[in-house]
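[1] A predicted structure for the sequence below; I have some questions about it.
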Amino acid sequence: MGLFQKAASIVPGQGLLQKSLEMIVENRTDVPPYLTQEELDLLVKNKKPSVVSYNKVEPPIPAKVPRTWSEAGIKSPPLRGPMIDADEFDKHKKGKGKTRKGVSTEADPTDSIISAIFAVPQSIEHPSQAFGVLTERLSIAKGAILLYDPVRTEYAPWAGVGYDTTSLHRLRIPLGASESFNAAANGRPIVVAGAAELARYNGYFSNRELALITRLIFVPFIYGDKLIAILMISSASPPYSSQELFLLGLERIAGAASPAFQKAREERLRETESAEDVRSKTLEEMFSRLFSSRTAAGKQILFFSLSLGALEGKILAAIPLLDPFRLEEDLCYFLQCFTADLGHSVYLGQGDYLFAVYGLEKENADLFLHQLKLFFGGLFGGLDGVLDSLNESAIMKIHSYPEDGDGVAHIVSLFSR
């Protein structure tokens, strides 16, 4: 019971209090409307019980995917070019030499040239084979690969193209021959032009060739601060758009190929750097030294001549730009290296060689050939089929000392032509 109701019950119907109560009751808005019993029963009858959910899940609101950066309300990122531009794509799709809007798409040939040189099998004549690759890929009309000759201490052509025989024989350039040739040792290709500078090389070419030379390019091959080879070019039509790009390409090619040149020749030539020029030795000189040596004293010596002409022919067929004279020199030097601990060897000419081997019986000559074939396999193993001719049929004459001869003069007469 409220406060005013208590007051009214105490003093009903009198004075100011009664009037206040009447005003309050008249102005109330929260007094519920009057319902009859029938209306109340009907409401109760139609009331549906409410179900309480303990896992109420709101339906998902569909995501709104923007079609543009502005619709997403995000600042657009900076534009980037494609990883492969249109020219590069055209080059790989359609091949080199195609153009787009006048722009050449021809690829730099340097990488493919280097790959072709790497594909050349490792052999003692690897530089000559690499020169063949360069001649083809660079369209060299006149040029040569100059290798270091340790016997004569000069750079001589082991392979060449376009030059006459006289020029190939004269092309023996010692280090220090001229300032321009010395400059090549610095590791960069050198272009020699102008009458005054070209005149320094007059002695290395025939008069006919000199009249045709307008410039010389020297490309050094350097390994371990050592100049092991020089590519010389006097006429070429390389697939480069400018001389600057051509020289840069040559520098890259030489840098990539130099380790292979070193492995092919220099590592093997170390054993013969102090070798004598065996081509200049006569039979009398060889036999006199042989019989006077302490190593040969009291020992049986087997002499036999061996024809390597078929071997030389197959090597020259496999490497057509190789100079035959240099091939013979290679064979002489390496045969001397092979026989250093076994005896001696001498060149007889026309692809024939004479061997003197200590303590070897005639019936065991095939063992010598077998070892020689293995030795040549390490030198020319990358050339298919070149060693097929190295068998017993290559032996021309065979004699044993002292059984078949008495003294130097008699042995010389047995092998003289």
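    Sure, I can see it. Residues are numbered from 1 along each chain as shown.

[2] which stretches in the stretch 51-200 of the chain count as strands?
    Here the stretch 51-200 of the chain has its strands, by DSSP state E, counting those that start in this stretch, at 99-100, 103-104, 140-149, 154-161, 190-193.

[3] which neighbouring elements make contact with the helix or strand harbouring Lys373?
    Counting by DSSP states H and E, the element that carries Lys373 is helix 365-380. Where contact means 3 or more CB pairs under 8 Å, 6 or more residues apart in numbering; DSSP states H and E, helix 365-380 is packed against strand 301-307, helix 324-338, strand 395-401. For every residue, glycine as well, the C-beta is placed using N, CA and C.

[4] mean neighbour count and mean pLDDT added to these, as CSV?
    CSV is the format used below for these (neighbours: other CB atoms under 10 Å; pLDDT from 0 to 100):
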stretch, mean neighbour count, mean pLDDT
strand 301-307, 22, 87
helix 324-338, 20, 85
strand 395-401, 16, 85
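
[5] using a markdown table, lay out the ones you listed together with distance to Ala156.
    Listed next are these as a markdown table, based on distance: least, CB to CB, whole Å:
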| stretch | distance to Ala156 |
| --- | --- |
| strand 301-307 | 26 |
| helix 324-338 | 7 |
| strand 395-401 | 30 |
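
[6] Glu154 is nearest to which of these?
    Among these, the nearest to Glu154 by CB to CB is helix 324-338 (12.5 Å).

[7] pLDDT below threshold where in the protein?
    1-35, 40, 44, 47-107, 267-282, 291-298, 382, 384, 405-408, 417 (pLDDT under 70).

[8] hmm, Arg170 and Glu154 touching each other?
    No: taking contacts as CB atoms under 8 Å, Glu154 lies outside contact range of Arg170: 11.3 Å.

[9] quick one on the thing from earlier: of all the strands of the stretch 51-200 of the chain, which one comes closest to Glu125?
    Judged by CB to CB, the one of the strands of the stretch 51-200 of the chain that comes nearest to Glu125 is strand 154-161, at 7.7 Å.

[10] now do the buried residues in the helix holding Lys373.
    By 16 or more other CB atoms under 10 Å, the buried positions in helix 365-380 come out as 365, 368-369, 372, 376, 379-380.

[11] before we move on, what about stretch 128-148?
    Within stretch 128-148, the residues scored as buried using 16+ other CB under 10 Å are 128-135, 137-138, 140, 142-148.

[12] cool, stretch 190-198 as well?
    Across stretch 190-198, burial judged by 16+ other CB under 10 Å covers 190, 192, 198.

[13] same check on stretch 383-391?
    Quick answer for stretch 383-391 (16+ other CB under 10 Å): 383, 386-387, 389-390.

[14] and stretch 339-348, by the same measure?
    Buried residues in stretch 339-348, counted by 16+ other CB under 10 Å: 339, 342-348.

[15] what about that stretch, start to end distance?
    One end of stretch 339-348 sits 16 Å from the other (CA to CA, to the nearest Å).

[16] just to revisit the earlier point, dump the buried residues of helix 365-380 to TSV, plus distance to Tyr240.
    Formatted as TSV, these follow (distance: CB to CB, whole Å):
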residue	distance to Tyr240
Ala365	55
Phe368	51
Leu369	49
Leu372	45
Phe376	39
Leu379	35
Phe380	34
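
[17] neighbour count winner among Glu154 and Arg170?
    Neighbours per residue (other CB atoms under 10 Å) separate Glu154 from Arg170, with Arg170 holding more: 19 against 16.
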